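J.: Predicted structure and sequence below. I'll ask about it afterward.
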Amino acid sequence: MAPEPLSLLCLPHAGAGAGFFWKWRQQAPPGLRLVPLQLPGREERTDEEPHREVADAVRALLPEATAAVAGSPRIALFGHSLGAVLAYELGRALEERTELPVAHVFVSGSPAPDRGRARQAAALDDDEFLARVEELAGYRHPAFESAEFRELLLPTLRADVAMHEAYRPSSDAPIQAPITCLRGDGDALVPERDALRWDAATHGPFSYAELPGGHMYLADSAAPVVGLIAETLGCDRRQPAGAGPGTGAGDTCG
């Protein structure tokens, strides 16, 4: 019997849902199980009010995350932009309130907790808000070209952006798990100096990597991001996902 894979809890960026990560599963090696977490206000939870405080979101996510990774020998977390601070704070909560072994936290496209977001957008009117988000992120989701989808999605996007802009770390103490910070090399929203400050957020090892693209570099291709995560965690990428269980070190992450 193949050993249980390492579970990677995935937290989405502002306005996005767990569905963003489903295609990533095709890129994951057999020893890495992707576990996207769903926030209220999107996809099948559209009728629920979105969170407006990181602390509230983490409090709600903790039991869901704990149940989702039950039995995993180790767990890691990944989050992009808003998802980065959610992953960081959820990693802290898992360390402090559970016995689950947090192996690594991957943060992407976000300034370090002590830096914050310099340019604000949440208080602007709808048109200015969308223009500012597009300017800062270098990306505009096609759904916002439809008046119907814009009306449906805009409240959640605004709540998410406000949540990230208002974020303050729950503690000045670093977490124990190692942190890897990822950033698009052309990211105009998150300066390199602010990304590098994530080194102060961990007692463990810290690493930093840049990938080609802007703030939403990971929207173009999942493979480089999943490959970097798998390599960092020691996962064997010789088999494509879905190829069936094997019999050696390639079935787990070391």
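T.: Ah, there it is.
J.: number of nearby residues for the closest residue to Leu157 other than its chain neighbours?
T.: In space, and not counting its chain neighbours, Leu157 is closest to Gly15: 3.6 Å by C-beta to C-beta, 6 or more residues apart in numbering. For every residue, glycine as well, the C-beta is placed using N, CA and C. If you count neighbours by other C-beta atoms under 10 Å, Gly15 ends up with 24.
J.: that's a strand at Gly15, yeah?
T.: No - counting by DSSP: H, G, I helix; E, B strand; the rest coil, Gly15 is not part of a strand but coil.
J.: and the gap between it and Leu182?
T.: 19 Å (C-beta to C-beta, to the nearest Å).
J.: can you check Pro113 too?
T.: 16 Å.
J.: swap in Tyr208?
T.: 8 Å.
J.: what's the answer for Leu233, then?
T.: Leu233 is 14 Å from Leu182, by C-beta to C-beta.
J.: who has more neighbours, the two?
T.: Leu182 (26 against 21).
J.: Give the next helix or strand downstream of the one helix or strand that one maps to.
T.: Using DSSP states H and E, Leu182 maps to strand 179-184. Using DSSP H and E, the helix or strand that follows strand 179-184 in sequence is helix 192-196.
J.: which secondary structure elements does that next one contact?
T.: Packed against helix 192-196 by the contact rule (3 or more C-beta pairs under 8 Å, 6 or more residues apart in numbering; DSSP states H and E) you find strand 179-184, strand 206-211.
J.: ok, 7 Å please
T.: strand 179-184 (3 or more C-beta pairs under 7 Å, 6 or more residues apart in numbering; DSSP states H and E).
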